[in-house]
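Asker: structure for this input, please:
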Amino acid sequence: MKIGICVQFDDIGTMSKKFKNLRNEGFDSCQLVSWKPELWCNENAELINSLISENGITVSAFWCGWEGPCVWNFYEGQTTLGLVPPEYRETRIKNLCDGADFAGKLGIADVVTHMGFIPENPNDPQFVPFCDAVRRVAEHLKENGQYLLFETGQETPVTMLRCFETVGTDNLRVNLDTANVILYGKANPVDALDVFGKYVRGLHAKDGLYPVNGHDLGGETRLGDGRVDFKVLFKKLKELGYDSYVTIEREIDGEQQTEDIRYAKKYLENIINEIYGG
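Answerer: The predicted structure is shown next:
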């Protein structure tokens, strides 16, 4: 099991430094995160490929953002995030397909994104059109030999499972963000594995607290300071046969982010060695 971090691809000029920093911190894998479609060109793919080779890095997944507004709360989030809002759907279908094509040029098979607040009610008039949009993206990725991974959080595990069943392609998978299901008040990550465990293909190691009001997400914390029981989580993952990438995500900036990532690396190594064997 390899531990990596998220690397933001928001400026091609900074990528050499970011990959070098990744190696200097003792990592050799990452998820590449990008919200800027204008960067997804052949020239940048060639440069990133050279940096990947030069630094001996494995990019486990491409985290693909999309254009338009995004508000991370329970109110405006319903109308701005992912493929759910119909007014942004066509643009974002194109964004995800373009991002997948860019990822393909980097040899990346897994494309991750937030799909938005998927309607929990299957009779909601937007549920089927949303699933149709997901199917269009998934079929494009399938032509590329790629998987489409749903980042968890904005939907209950059962809602995600229902979406997979409705879409019906065989390349839908889960990127389990261990904190997001808590931050959004949707589930406990360990229990969620009972619902969609067989679909987990990627993992964001993150920690946090449940919401304390009806408007805002819960607060993110350093690993070990929130409500995620990582020992039980990894025991369950081992039972499910998961032995792949673990990507640390700490959504703050500055030196504290660096310190918390260093702490998370040691924290995870201790637990993984205990559960999986050193």
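Asker: hey, let's count contacts and neighbours off CA atoms from now on
Answerer: Noted.
Asker: nearest residue to the middle of this structure?
Answerer: For the chain, the residue nearest the mean C-alpha position is Glu151 (4.3 Å; Cα atoms, centre = their mean).
Asker: in the stretch 101-250 of the chain, which spans are strands?
Answerer: Per DSSP state E, counting those that start in this stretch, the stretch 101-250 of the chain carries strands over the ranges 110-113, 147-151, 172-177, 200-205, 207-208, 220-221, 246-248.
Asker: okay if I get these as CSV plus distance to Asn123?
Answerer: Output for the strands of the stretch 101-250 of the chain, formatted as CSV (distance: least, Cα to Cα, whole Å):
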stretch, distance to Asn123
strand 110-113, 24
strand 147-151, 21
strand 172-177, 22
strand 200-205, 27
strand 207-208, 32
strand 220-221, 33
strand 246-248, 35
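Asker: the ones you listed: which one's closest to Phe127?
Answerer: When the strands of the stretch 101-250 of the chain are compared by Cα to Cα, strand 147-151 sits nearest Phe127, at 15.8 Å.
Asker: just checking, Met1 touches Tyr245?
Answerer: Yes - with contact defined as Cα atoms under 8 Å, Met1 and Tyr245 form a contacting pair (5.8 Å).
Asker: these two: which is more packed in?
Answerer: Tyr245 (21 against 12; other Cα atoms under 10 Å).
Asker: contacts only, for the more buried one.
Answerer: By Cα atoms under 8 Å, 6 or more residues apart in numbering, the contact list for Tyr245 reads Met1, Lys2, Ile3, Gly4, Ser60, Gly202, Leu203.
Asker: where does the third one land on pLDDT?
Answerer: What the model reports as pLDDT for Ile3 is 98.
Asker: could you find the closest non-adjacent residue to it?
Answerer: Leaving out its chain neighbours, the residue that sits closest to Ile3 by Cα to Cα, 6 or more residues apart in numbering is Val246, at 4.8 Å.
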